[in-house]
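1. return a 3D structure for these sequence lines:
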Amino acid sequence: MTNQYKNKVVYGGTVLIDLTSDTVDAAHLLYGYTAHAKSGAPITGSCTYDSNTTDANAAQSEILSGKTAYVNKVKLTGSMTNNGSNDVTVSSVAGQAIPSGYYDGSGKAVIDSTSASNLIAGNIRNGVTILGVEGTLSSEDALNVDAVSVTPTTSQQVVTAASQSLDYITQVTVAAIPYTESDNAAGGVTVEIAPVSS
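-> So this is what the prediction gives:
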């Protein structure tokens, strides 16, 4: 006899224990329970009704809303928002918070329509590429530029590009203040400095 396990016991002609016709095995015995197979060998059940959830760690917020799952033998109903194919619109360089929830992968992160309409080659400096749009604007294109002449007055003047409706001023020419000398009846010279009155 080589089998160390005993699967049948007969005492005084009476069968006390007989496992030889038993059909239980680990796959059909509940997970964690113990018994003996028909050979007499001890077995530990592995049946979890298709799934062992004792080590699962999902939370309701991580399961899609309306869907159910078992976690550590407890049935949970999900609460995660289904955002589907929703896009996320970015309207500033600070970015846009992405709402929590599930996305099906078909949505996009997009620039708001106002910003996108300005993102054209003619608005971007030549040699600079922004979000795939390569600029064509040269240093002089689309700029309102000119030289400005200023006539002195008796009041202070502040000349800026904005006051001249320009993007910038190439130069400012300040006219000379009119100066004249003439003899007067008293035998002297009259000096007249005549800036324009403001």
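2. give me the low-pLDDT residue ranges for the protein?
-> 1-3, 139-142, 198 (pLDDT under 70).
3. which residues touch the residue nearest to Pro99 when sequence neighbours are not counted?
-> Spatially, and ignoring its direct neighbours in sequence, Pro99 is nearest to Asn83 (6.5 Å; C-beta to C-beta, 6 or more residues apart in numbering). C-betas here are computed from N, CA, C, even on glycine. By C-beta atoms under 8 Å, 6 or more residues apart in numbering, the contact list for Asn83 reads Pro99, Gly101, Tyr102, Tyr103, Gly107.
4. contact partners for the last one?
-> Spelled out, that is Gly107. Applying C-beta under 8 Å, 6+ apart, we find Gly107 in contact with Asn83, Gly84, Ser85, Asn86, Asp87, Val88.
5. could you dump those residues to CSV with secondary structure?
-> Shown next, in CSV, are these (DSSP: H, G, I helix; E, B strand; the rest coil):
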residue, secondary structure
Asn83, strand
Gly84, strand
Ser85, coil
Asn86, coil
Asp87, coil
Val88, strand
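6. which among the residues you listed count as buried?
-> In terms of neighbour count (16 or more other C-beta atoms under 10 Å), the buried residues within the contacts of Gly107 are Asn83, Asn86.
7. pick out the most distant pair among the contacts of Gly107.
-> In the contacts of Gly107, two members sit farther apart than any others by C-beta to C-beta. They are Gly84 and Val88, at 12.5 Å.
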